[in-house]
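Peer 1: sequence and predicted structure below; questions after.
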Amino acid sequence: MAQRLVLQRLLSLPPRGPLAAPGRAFGTSANRRSTFNVQDGSDFQDRVVNSSKPVVVDFHAQWCGPCKILGPRLEKMVAKQEGKVVMAKVDIDDHTDLAIEYEVSAVPTVLAMKNGDVVDKFVGIKDEDQLEAFLKKLIGA
């Protein structure tokens, strides 16, 4: 009897997990395809400096409050560009050498890179309109 009650309760629950949304493709979101975490110096060289696409480089830190606000906002704006630009996230505590090389003295610092060169930069939080203007200038739209 108790098993029957448990089974009835389980069957009456709404579906969960990947089966809950039929027709929806399983995979990564646009944010994940357009944003990546830099693993080391050679990864930065390969995926940022040698990138054929413009790259937004977000120098941030886990302990940085403004970074926690800017990061998701910036990722969302990059994803809206539909692959015209990618975003590299660099944790300054893990990659101090890159922070020093690119003269990052405060976080968040965001660089716009094209063909391996820094073409624009800002420090601190920006609103969505400012981020959109920053990205459009980078991709030439």
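Peer 2: Ah, there it is. Numbers count the residues shown, from 1 in each chain.

Peer 1: what does stretch 119-134 contact?
Peer 2: If you take C-beta atoms under 8 Å, 6 or more residues apart in numbering as the criterion, stretch 119-134 is touched by 66, 69-70, 73-74, 77, 106, 108-113, 137-138. C-beta: built from backbone N, CA, C; applies to glycine.

Peer 1: can you check stretch 69-84 too?
Peer 2: Counting by C-beta under 8 Å, 6+ apart, 29-31, 33-35, 53-54, 56, 58, 60, 85-87, 89, 108, 110, 124-126, 128, 131-132, 135, 139, 141 sit against stretch 69-84.

Peer 1: state whether residue 57 is indeed within a strand.
Peer 2: Yes: checked against DSSP: H, G, I helix; E, B strand; the rest coil, residue 57 lies within a strand.

Peer 1: neighbours around the closest residue to it other than its chain neighbours, how many?
Peer 2: Distances taken as C-beta to C-beta, 6 or more residues apart in numbering place residue 111 nearest to residue 57, at 4.3 Å, with adjacent residues excluded. Using other C-beta atoms under 10 Å, residue 111 is surrounded by 22 other residues.

Peer 1: for the spatially closest residue to residue 53 that is not a sequence neighbour, what are its contacts?
Peer 2: Closest residue to residue 53 apart from its sequence neighbours, by C-beta to C-beta, 6+ apart: residue 86 at 5.5 Å. Residues near residue 86 by C-beta under 8 Å, 6+ apart: 34, 35, 36, 47, 51, 53, 54, 55, 56, 78.

Peer 1: tell me where the model's unsure across the chain.
Peer 2: Scanning the chain with the threshold set as pLDDT under 70 gives 1-32, 141.

Peer 1: can you turn the buried part of the contacts of residue 86 into a ChimeraX selection?
Peer 2: Only the buried entries of the contacts of residue 86 go into this ChimeraX selection, using 16 or more other C-beta atoms under 10 Å:
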select :34,35,51,54,55,56,78
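
Peer 1: want to throw the contacts of residue 86 into a markdown table with secondary structure?
Peer 2: Converted to a markdown table, the contacts of residue 86 look like this (three-state DSSP):
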| residue | secondary structure |
| --- | --- |
| 34 | helix |
| 35 | strand |
| 36 | strand |
| 47 | helix |
| 51 | coil |
| 53 | coil |
| 54 | coil |
| 55 | strand |
| 56 | strand |
| 78 | helix |
